[in-house]
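Chemist: pasting a predicted model and its sequence here:
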Amino acid sequence: MALERGRPVRVAGVEVGRVADVRVRPELKEHPAEIVLRFQTPYKLEIPSDSVVWLGRDGLLGELYVEADVRHAGAPVGNQAVLKAREEIVPPSGESQAGPATPAPAKDGSRQTN
């Protein structure tokens, strides 16, 4: 499943915009994909210039979205800014790239196995 125009952009899990465009730019050499994000909120949202973005997925087979980690202290970005990106798709919470997380113990202390 590919990232497409119109997919959500989130900060801390809250939708704050949409993917405006996805295009290939071979002149960017090692990172030839460019994703244009449009942040739109009814309030002032300042994205720090040293924020990092990555692709997330809603569930195991769910749709892709862009998540921005804004837990940094850089100056706010302006229009046409470029943010750093993590290369991998981050799995849904509680799962790792290798598979689902270890089951939590039941109330009686036992663990469920499959």
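Modeler: Structure received. Numbering: from 1, shown residues only.
Chemist: which residue is nearest the centroid of this structure?
Modeler: Geometric centre of the chain, nearest residue: Glu67, 2.5 Å, by C-alpha atoms, centre = their mean.
Chemist: wait, isn't that residue in contact with Arg10?
Modeler: Yes - using C-beta atoms under 8 Å, Glu67 is in contact with Arg10, at 5.1 Å. In short, each C-beta sits where N, CA and C put it, glycine included.
Chemist: which residues do the two both contact?
Modeler: Gly56 (C-beta atoms under 8 Å, 6 or more residues apart in numbering).
Chemist: which stretches of this structure have low pLDDT?
Modeler: 1, 88-114 (pLDDT under 70).
Chemist: quick one: the strands in it, in order.
Modeler: 8-11, 14-24, 33-39, 52-57, 64-69, 84-90, 95-96, 99-100 (DSSP state E).
Chemist: what sits against Ala81?
Modeler: Ala81 touches Ile47, Ser49, counting by C-beta under 8 Å, 6+ apart.
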